[in-house]
Structure formats: structure tokens, C-alpha cells
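**Student:** Here's my sequence, what's the structure:
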Amino acid sequence: MKLKTSKKKPLVITMGDPAGIGPEIILKAAKIEALPAFVAGSADVLRFYNKKIRTGADICSINEDEIAKIKPCKGSIYVLDVESPLSGKLIPGIVKKEYGEAVYRYIKKAVELCMNGKAGAIVTAPINKESLNLAGHHYPGHTELLMELTGSKSVVMMLAGGKLKVALATTHVRLKDVPSKIKKEKLVETFRIISDDLKGYEGRKPRIAVCSLNPHGGEGGIFGDEEGKEIKPAVDEAVKSGQKVFGPYSADTLFARTVGGEFDVVVAMYHDQGMGPLKLHCFGKGVNISLGLPIIRTSVDHGTAFDIAGKGKADPGSLLFAIKLARKWARNNR
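**Tutor:** Residues are numbered from 1 along each chain as shown. The predicted structure is shown next:
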């Protein structure tokens, strides 16, 4: 069940790791477009980068009572300061426990604001998982953290860009562990979440194409039997329940077929099977989406880029796409 959201509710952007490129891409995005959003983070950190890379943005601190009153203005950023252990001189490009704790608090506050109806959707800037873990928050990534904070039982990670939408059957796991995690019941739930969410946000049932795990679909069991034992039965069950699910198909041709318009979404069996083709297709212009949450969440498709943090080289393109999609889905939310 999705929360009711107003078309007029602003989005909330989490600032991301203070030592990464999150603050920079937010500043740059605000100079390109009037953002229908406010930032959950630190005004001081944004001012630090604003001065360092000379973006010239106008940074305005707000409180929770003022969220409903903000008006998008090109060149301006509204910031809800979230209490955190940040202190001393900010150093871009380093792993630090305090930065990980700050990130956790930004995300927690953003979820709270969406769950209580003050924000229409969350857009997340990149986090550093090492800093997050040093702070005692042991999550593989945003998806798992959001799942816990919202009390969700199942979440599907999907990336979209250009003519591709790619959802993952497994996410951040070792490649050798993937086969043991490909189970019919989990796949059935994955297909259901994709179908329900995309129908709700985009107005029609998506055509979901499913990748095989093994080369050439396993060649009748010669290269593996996951297709026959787990994947095909899951597809059949989804079809019986009224979903538009097809496959499994060999991954070496499926992405080209989808770009050509035959399908709407590809379900990849493991991370790099899906992310490689997607990033080749739309590198720097993709959006990360969490399906199955009671709130809308989009994100950039890249990391903290510590090597260029604070140098003025970061591209805000993915963030702008994430904001655009979140705003569209918040308006269409059914």
C-alpha cells in the first residue's frame, strides 16, 4: 500500500556522504534547475563546497514547519539541518566514522518525513558504505537500509536510463553465492513488486523479460539447471496471476531486444549481468529506484567518487534525472 502523496509536496534530497560528491552535485543541480525539493543534511557542509567550488548557490536553512512553504527557485537550495556528530574541518575524499553516522541520520530523517506525509519522495545522493559500517550501521547499501527503516519485507533494486529499465533478482552478493539465492518464491515476489509498482506509477502493467542465469539459458541443463528448476516455474506462476512476464531468455540478446521496444523491464539474475549493459547504454544518466517501499525513492546511479570530491569535476546529470523521475512518480502515485 502506497502512502497518499500530494502533487505539491516537495521532494527531500539526502545530502549523501559529506566527503563525497553528493553536496557538489546538489549545488550544481540547483544552478541548472529550480529544484522542487529541500535537502536533509548540513547547511554548513553545503556552504563549504559552495565556497570551495564557487557554485554561487543561495543556501537557506529551514525548519520542519517551513517545508510546506518552500518555493522552487533556480540557484537556491533549502536545507533542513539534521543533527549529526560532524565537527572540525571537513576533509573531502576520506572515509570517516562521523561521516557515516551523519549519512545514516540524513536518510533516517528523510524516511520519517516521507512516512509522515511532509515530503512526496526521497532522492538520495551517494553514500560510502565503509564509513557507514564504521559508524555501526551494517548495510550493503541504501536499499537494505530503507527496507529496515520503512519496515518493508521485500524491496527490488531497479535502475532506469535511456530505453532500459533493469531490475535485479540479487544485489550485492558474491558471484559464487548467486545460484543458491535464485529461488522460485523470491522471483515470484520480485515480479509482483515490479508489476504492481510500475502499474501504479506509470499507468499500465509492464512487460517484464527475465534473464537466464547460465549461458544460453543453460542449454537444457548442460550448463546449469536453475532455469528449469527455479526461474521458469516462477515466470509461469507470475503469468497465471495476470502479470506480463516472459522468459527466461539468454542475457546476451535480451537487452538489445528491450532497447528495441519488445519489453519494458529486464530482470537480471545478478548485479553485473544487469548493470554492465545498462551503464553501457546510458552511463551517467541512469536512476536507481527502490521498488516495494511504502514511499518513493530514487537515487543517482554512481558512488561518492572520493577521487574527485571537492574538485568541481562532478556531473549532476544523474541527480537531475533522479529528481525528474521522483517528481513524476509522486504526481502519478496511486
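**Student:** Quick check: Val266 touching Thr258?
**Tutor:** Yes: Val266 is in contact with Thr258 according to Cβ atoms under 8 Å; the separation is 5.3 Å. Where C-beta positions appear, they are placed from N, C-alpha and C, glycine not excepted.
**Student:** quick one: which of these two has more around it?
**Tutor:** Remark: of Val266 and Thr258, Val266 carries more neighbours, 27 against 22, as counted by other Cβ atoms under 10 Å.
**Student:** And the protein, what are its domain boundaries?
**Tutor:** Residue ranges for the domains of the chain, per automatic domain parsing: 1-152+293-334, 157-284.
**Student:** And the residue of the chain most remote from its centre, which helix or strand is it part of?
**Tutor:** Relative to the centre of the chain, the most outlying C-alpha is that of Ile222, 36.4 Å out, by Cα atoms, centre = their mean. Assigned by DSSP states H and E, Ile222 falls within no helix or strand.
**Student:** State the distance from it to Pro215.
**Tutor:** 9 Å (Cβ to Cβ, to the nearest Å).
**Student:** coming back round to it: common neighbours of Val266 and Thr258, please.
**Tutor:** Leu164, Ala209 (Cβ atoms under 8 Å, 6 or more residues apart in numbering).
**Student:** pLDDT score assigned to the closest residue to Ala251 other than its chain neighbours?
**Tutor:** Of all residues not flanking Ala251 in the chain, Cys211 sits nearest, at 4.3 Å (Cβ to Cβ, 6 or more residues apart in numbering). If you check Cys211, the pLDDT there is 97.
**Student:** Quick check on Cys211: phi, psi?
**Tutor:** When read as degrees, to the nearest 10, the backbone of Cys211 gives phi -70, psi 150.
**Student:** How about the contacts made by it?
**Tutor:** Taking Cβ under 8 Å, 6+ apart, we find Cys211 in contact with Gly247, Pro248, Tyr249, Ser250, Ala251, Leu254, Val266, Val267, Ala268, Met269, Gln273, Gly274.
**Student:** could you redo the last one with a cut-off of 7 Å?
**Tutor:** Going by Cβ atoms under 7 Å, 6 or more residues apart in numbering, Cys211 touches Pro248, Tyr249, Ala251, Leu254, Val266, Val267, Ala268, Met269, Gln273.
**Student:** Take those residues and write them to JSON lines, including distance to Asp58.
**Tutor:** Shown next, in JSON lines, are those (distance: Cβ to Cβ, whole Å):
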{"residue": "Pro248", "distance to Asp58": "52"}
{"residue": "Tyr249", "distance to Asp58": "51"}
{"residue": "Ala251", "distance to Asp58": "47"}
{"residue": "Leu254", "distance to Asp58": "47"}
{"residue": "Val266", "distance to Asp58": "42"}
{"residue": "Val267", "distance to Asp58": "43"}
{"residue": "Ala268", "distance to Asp58": "42"}
{"residue": "Met269", "distance to Asp58": "47"}
{"residue": "Gln273", "distance to Asp58": "44"}
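**Student:** Reformat the residues you listed as JSON lines; add distance to Asn288, secondary structure and pLDDT.
**Tutor:** Formatted as JSON lines, these follow (distance: Cβ to Cβ, whole Å; DSSP: H, G, I helix; E, B strand; the rest coil; pLDDT from 0 to 100):
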{"residue": "Pro248", "distance to Asn288": "24", "secondary structure": "strand", "pLDDT": "97"}
{"residue": "Tyr249", "distance to Asn288": "24", "secondary structure": "strand", "pLDDT": "96"}
{"residue": "Ala251", "distance to Asn288": "20", "secondary structure": "helix", "pLDDT": "94"}
{"residue": "Leu254", "distance to Asn288": "21", "secondary structure": "helix", "pLDDT": "97"}
{"residue": "Val266", "distance to Asn288": "15", "secondary structure": "strand", "pLDDT": "98"}
{"residue": "Val267", "distance to Asn288": "16", "secondary structure": "strand", "pLDDT": "98"}
{"residue": "Ala268", "distance to Asn288": "14", "secondary structure": "strand", "pLDDT": "98"}
{"residue": "Met269", "distance to Asn288": "18", "secondary structure": "coil", "pLDDT": "98"}
{"residue": "Gln273", "distance to Asn288": "16", "secondary structure": "helix", "pLDDT": "96"}
